[in-house]
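Student: Just the structure for this:
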Amino acid sequence: MRTSAPSVPHGDTLTELDQFMEAAGDIVFRLDAAGRIKAASKRTGALFAFEAGAPLATLVADADQASLGAALLDAAGAPARIEIRLKAPHKELWFDLRLCRLQQSGDTVLLAVGRDISAQRETEERLRHLATHDSLTELPNRLLLSDRIRMVIAHARRSGQNFSVATIGLDGFKKVNDGLGHPVGDAVLRIAAARLRKTLRDSDTLARIGGDEFVAVLPGTCSEAQIKLVTGRLLAALQAPFEVDKHTIYIGASIGLALFPEHAEDEVQLVALADAAMSRAKESGKARCLVYSPRTSVPPEHDISLEAAMFLAVREGEFLLYYQPIVDAATRRIQGFETLMRWKHPTLGMVPPVRFIPIAETNGLINLLGAWALKAACVQLRHFEEVAKRPLYISVNISPRQFRNDKFLEVLDHALAFSGLPGSQLVLEITEGTLMIDPVHAESILLKMAERQARIAIDDFGTGYSSLAYLKRFPISVLKIDRAFIKDLPDSPKDGAICNAVLDLAKHLGLSVVAEGVETEAQLDYLDQRGCQYIQGYLTGKPMPAHAAMAALKEDLYASLMPIEPHAGLR
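Tutor: As a prediction, this is how the structure comes out:
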């Protein structure tokens, strides 16, 4: 039975309290000490259905029962205030409820005066949602993702149930925005989000962290079989065509995974490592999934403090050039040197190239450092030849960003003119990947480099695209067999077959070959017997400063006089 105005229990005359109840607040209840409803204002009766004598708790949402109980106890001694939800016939409404104790006719009563704050709560909830969700897809954003990962980490530490984080990047999404416009691109992103969400479990978290990248947190997914199953479904979900505004669009996805706690133990590193693995998946073919591996991935962190130190290091002259001998396999005499950049930090010591080269490549500092290295190496070769009393050559690595720079040929011309070095004594080492980013541009630049008589070497041959077509198309002079094919010689038949094939190919194409990473006499003998003319590695000389290289030339030595750095991470 519903009562609308139990506030008039005697006759037609309202007491002062009843008059107050009609004037105060959006809702007003008069309760006994136990929290049972004795009376209510007319507006309250119009909003809620209740029985006289029923506990106020019958109108309160389950989640707020404890808060009401605590407030009733507090109000027995002093006024209390809570925000709770009350159950109206068709929905729950939020109220700011104040409770205070009164004396009426010798009895203790509680007066509960409430202000409707539902609209305020809805606005706050909408703002919270906007702050933690992506406006386009309604998925969690980076802020909420971090919170979710921290929760999963805490649970994993308690339960021992490990998990993985997957970064999902759409392949070829830029062509959609560029070719069909951003509205179509936005529609594709919404469809992709819905497909991915449908593919995952309720216990998984899917977030959009910007652009065409999504992140999935996968509790309990850590074995190879589990990862293969989940990522296979994710890839399949995005391989199906997207139908938008009469356009049929085909895109795929690349996925990178990082595992907790194997790869990292905090949310920032887990996402960063997964992103690094995803980038590697895109670079190595797209439409695939790769689990992060420190052996195959460049460290993803962009160390801001290290970057700042790099700019200071340029001004302070902290960057150095080291030289690794390249020797004749038969005579073991030094024929030339590969130039390697080193950074001697005043407090960190020798900073590994694997840490600073990617940062320099990203921020463009590599152009400045590369130009300096090329010029200094050409000048240094003159000094080496004065000591050796015979012709030598110098080999310099050219980074992808340097190679694509519009002023690269000017830098090359300046280095040759300043040093007076003939182009024929300069070898420029370029990776296969650099050439294949834009083969048309690469061919144009390489031909102009060849006009200057500079020789072109393919660095780490066999580890990149390995397209034999570019050996015919581009003016290549030297192949450098990567250390990965040398380290297990002479015991590995497969590595031996690869080396023999490269040597045979080079012989028929009239190319020179340098074997990198030679560390044992057995490796050197194996390569020498098969016609490999040049050797480079720790057996015949570690990277060394210029003065040590000149000492080696004076004595006609091939062994390093100064063991300086650990092997790992050096180029």
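
Student: per-residue confidence averaged over stretch 534-553?
Tutor: Within the predicted structure, the mean pLDDT of stretch 534-553 is 92.

Student: And that stretch, end to end?
Tutor: For stretch 534-553, the separation between the terminal residues is 17 Å (CA to CA, to the nearest Å).

Student: Could you pull up phi and psi at Q269?
Tutor: With angles defined as degrees, to the nearest 10, Q269 shows backbone torsions of phi -70, psi -40.

Student: What is the burial count for it?
Tutor: Taking other CB atoms under 10 Å as the criterion, the count of residues near Q269 is 16. C-betas here are computed from N, CA, C, even on glycine.

Student: Quick check: pLDDT value at it.
Tutor: The predicted structure lists Q269 with a pLDDT of 90.

Student: any idea how far E307 is from it?
Tutor: Counting by CB to CB, to the nearest Å, the separation of Q269 from E307 is 18 Å.

Student: Also F50?
Tutor: Looking at F50 against E307, where the rule is CB to CB, the gap reads 66 Å.

Student: Which of these two has more residues huddled nearby?
Tutor: Between F50 and E307, F50 has the larger neighbour count (other CB under 10 Å), namely 22 against 15.

Student: pLDDT below threshold where in this protein?
Tutor: By pLDDT under 70, the weakly predicted segments of the chain are 1-17, 104-106, 295-303, 462-467, 556-571.

Student: Scan it for its longest helix.
Tutor: Of all the segments of type helix in the chain, defined by DSSP state H, the longest one is helix 365-388.

Student: Give me the buried stretch members for that helix, please.
Tutor: Of the residues in helix 365-388, 365-367, 369-378, 380-381, 384-385, 388 count as buried by neighbour count, 16 or more other CB atoms under 10 Å.

Student: One more: stretch 119-136?
Tutor: The neighbour-count criterion (16+ other CB under 10 Å) identifies R121, T132, H133, D134 as the buried residues of stretch 119-136.

Student: who's in contact with that stretch?
Tutor: Counting by CB atoms under 8 Å, 6 or more residues apart in numbering, stretch 119-136 makes contact with W94, L139, P140, N141, L143, L144, D147, D186, L189, R190, A207, R208, all of which sit outside it.

Student: residues contacting the first one?
Tutor: Contacts were defined as CB under 8 Å, 6+ apart; by that measure W94 touches E83, I84, R85, D116, I117, S118, Q120, R121.

Student: Next one: the fifth one from A276, what distance?
Tutor: With distances taken as CB to CB, I117 is found 47 Å from A276.

Student: out of those two, which sits in the busier spot?
Tutor: Legend: neighbour count by other CB under 10 Å for I117 and A276, higher for A276 (24 against 17).

Student: Now the more buried one: which helix or strand?
Tutor: Of the helices and strands defined by DSSP states H and E, A276 is found in helix 267-283.

Student: how distant is the next helix-or-strand element following that helix from the center of its chain?
Tutor: Using DSSP H and E, the helix or strand that follows helix 267-283 in sequence is strand 289-291. For strand 289-291, the distance between its averaged C-alpha position and the chain's averaged C-alpha position is 13 Å (CA atoms, centre = their mean, to the nearest Å).

Student: what do you get for stretch 485-502?
Tutor: The mean C-alpha position of stretch 485-502 is separated from the chain mean by 35 Å, CA atoms, centre = their mean.

Student: Tell me the span between the first and last residue of it.
Tutor: Using CA to CA, the end-to-end distance of stretch 485-502 comes out at 11 Å.

Student: Name the residues of that stretch that come out as buried.
Tutor: F485, I486, K487, L489, P490, D495, G496, I498, C499, V502.

Student: Which parts of the stretch 151-300 of the chain are helices?
Tutor: Secondary structure of the stretch 151-300 of the chain (DSSP state H, counting those that start in this stretch): helices at 173-180, 182-199, 224-239, 267-283.

Student: Tell me what angle the shortest one forms with helix 182-199.
Tutor: Here the directions of helix 173-180 and helix 182-199 differ by 140 degrees (axes from the mean of the first three to the mean of the last three CA atoms, to 10 degrees).

Student: Let me see the residues that make contact with stretch 373-393.
Tutor: Contacts with stretch 373-393, where a contact means CB under 8 Å, 6+ apart, come from 321, 323, 334-337, 339, 341, 394, 396, 411-412, 414-416, 418-421, 425-427, 455, 546, 549-550, 553-554.

Student: Which ones among those residues map onto strands?
Tutor: 321, 323, 334-337, 339, 341, 394, 396, 426-427, 455 (DSSP state E).

Student: Tell me the one of these nearest P261?
Tutor: When the ones in strands among the contacts of stretch 373-393 are compared for distance to P261 (CB to CB), M341 wins out at 34.9 Å.

Student: so that closest one touches L369, yeah?
Tutor: Yes: counting by CB atoms under 8 Å, a contact exists between M341 and L369, whose distance comes to 6.6 Å.

Student: any residues in contact with both of these two?
Tutor: Shared contacts of M341 and L369 (CB under 8 Å, 6+ apart): F319.

Student: For the stretch 51-200 of the chain, which segments count as strands?
Tutor: With DSSP state E, counting those that start in this stretch, the ranges of strands along the stretch 51-200 of the chain come out as 80-87, 92-104, 107-116, 163-171.

Student: circling back: whichever of the contacts of stretch 119-136 end up buried, select them in ChimeraX.
Tutor: The ChimeraX command for the buried members of these (criterion: 16+ other CB under 10 Å) is given here:
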select :94,139,140,141,144,189,190,207,208
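
Student: Dump the contacts of stretch 119-136 into CSV; add distance to N177 as well.
Tutor: Shown next, in CSV, are those (distance: CB to CB, whole Å):
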residue, distance to N177
W94, 42
L139, 19
P140, 23
N141, 20
L143, 25
L144, 25
D147, 30
D186, 9
L189, 10
R190, 14
A207, 21
R208, 15
